[in-house]
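# sequence-free structure coming up:
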């Protein structure tokens, strides 16, 4: 019942009041023309007090409409400003070294991230939860390989140099798990190739983190020491979107 009353009240304020104001602001001048220049027998006239009340209602309704338009414009401007700030935190150059789980990302690295909890608030502290891709400012060791870039979903690591990577793992259909490859222990991979890993799931309390951003900084669930090397292959370089131009 309270929800119905709230909806009805919102409908009155959002629709009926502005509509009434627009109707009166048109009708009262028309009535004035009728009173002043239309000469007919038995002319129907409103009481002076009634006209004053209708004029006051029209002014109040249109004042409310003006307030709503102002608030709507302010909210739209805030959304636009927030979107600009949010975009600057989705694609940016890391201003300082940042520890993300087990990985230390050097300053100057190009970051792509997506944070659904970011509403564009100014002054929000540096964070990397929601990391999608990074191109390192210098080669970084990730999961035992030297990398120039990485992508998180699916996990792909772009190799910074020629290197032998092992141990190699394969999926065992009997145990339904990843096991070391006993036939080939390591692969010789080339600079620019993409190393592929199986990333084990890290259990966490879903209920405790409901409607909250994932842990960040050293507590982030980013543990390359647990990744299992699967293969390296030639492929397109990892796409890391550049910093948007400042307006």
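All right, it came through fine. On a predicted model such as this, the values are computed, not experimentally measured, just so you know. Numbering: from 1, shown residues only.
# Spatially nearest residue to the most centrally placed residue in the chain (excluding sequence neighbours)?
What sits nearest the mean C-alpha location of the chain, by C-alpha atoms, centre = their mean, is residue 116, with 4.1 Å. Leaving out its chain neighbours, the residue that sits closest to residue 116 by C-beta to C-beta, 6 or more residues apart in numbering is residue 130, at 7.3 Å. For the C-beta atoms, the positions are set from N, CA and C on the backbone; glycine is no exception.
# That neighbour reaches residue 113, doesn't it?
Yes. Contact criterion C-beta atoms under 8 Å: residue 130 and residue 113 qualify, at 4.6 Å.
# For the protein, just list every one of the strands.
Under the criterion DSSP state E, the chain contains strands at 91-93, 98-100, 103-105, 110-113, 131-142, 145-151, 156-159, 163-165, 169-172, 177-180, 187-189, 194-198, 228-233.
# now those as JSON lines including mean pLDDT and distance to residue 221?
Shown next, in JSON lines, are these (pLDDT from 0 to 100; distance: least, C-beta to C-beta, whole Å):
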{"stretch": "strand 91-93", "mean pLDDT": "94", "distance to residue 221": "22"}
{"stretch": "strand 98-100", "mean pLDDT": "97", "distance to residue 221": "10"}
{"stretch": "strand 103-105", "mean pLDDT": "96", "distance to residue 221": "12"}
{"stretch": "strand 110-113", "mean pLDDT": "96", "distance to residue 221": "14"}
{"stretch": "strand 131-142", "mean pLDDT": "97", "distance to residue 221": "11"}
{"stretch": "strand 145-151", "mean pLDDT": "97", "distance to residue 221": "15"}
{"stretch": "strand 156-159", "mean pLDDT": "96", "distance to residue 221": "17"}
{"stretch": "strand 163-165", "mean pLDDT": "97", "distance to residue 221": "23"}
{"stretch": "strand 169-172", "mean pLDDT": "93", "distance to residue 221": "21"}
{"stretch": "strand 177-180", "mean pLDDT": "93", "distance to residue 221": "19"}
{"stretch": "strand 187-189", "mean pLDDT": "96", "distance to residue 221": "26"}
{"stretch": "strand 194-198", "mean pLDDT": "96", "distance to residue 221": "15"}
{"stretch": "strand 228-233", "mean pLDDT": "95", "distance to residue 221": "16"}
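# now those strands as CSV including distance to residue 19 and mean neighbour count?
Converted to CSV, those look like this (distance: least, C-beta to C-beta, whole Å; neighbours: other C-beta atoms under 10 Å):
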stretch, distance to residue 19, mean neighbour count
strand 91-93, 44, 16
strand 98-100, 54, 19
strand 103-105, 56, 18
strand 110-113, 45, 20
strand 131-142, 47, 19
strand 145-151, 53, 22
strand 156-159, 56, 22
strand 163-165, 70, 16
strand 169-172, 65, 14
strand 177-180, 65, 14
strand 187-189, 69, 16
strand 194-198, 60, 20
strand 228-233, 64, 18
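# Out of those, the one nearest residue 72 is which?
strand 91-93 (29.4 Å; C-beta to C-beta).
# What is the closest one packed up against?
strand 110-113 (3 or more C-beta pairs under 8 Å, 6 or more residues apart in numbering; DSSP states H and E).
# rewinding a little: just put the strands of the chain in JSON lines and tack on distance to residue 65.
What follows is those, written out as JSON lines (distance: least, C-beta to C-beta, whole Å):
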{"stretch": "strand 91-93", "distance to residue 65": "40"}
{"stretch": "strand 98-100", "distance to residue 65": "49"}
{"stretch": "strand 103-105", "distance to residue 65": "51"}
{"stretch": "strand 110-113", "distance to residue 65": "41"}
{"stretch": "strand 131-142", "distance to residue 65": "44"}
{"stretch": "strand 145-151", "distance to residue 65": "50"}
{"stretch": "strand 156-159", "distance to residue 65": "54"}
{"stretch": "strand 163-165", "distance to residue 65": "67"}
{"stretch": "strand 169-172", "distance to residue 65": "65"}
{"stretch": "strand 177-180", "distance to residue 65": "64"}
{"stretch": "strand 187-189", "distance to residue 65": "67"}
{"stretch": "strand 194-198", "distance to residue 65": "58"}
{"stretch": "strand 228-233", "distance to residue 65": "62"}
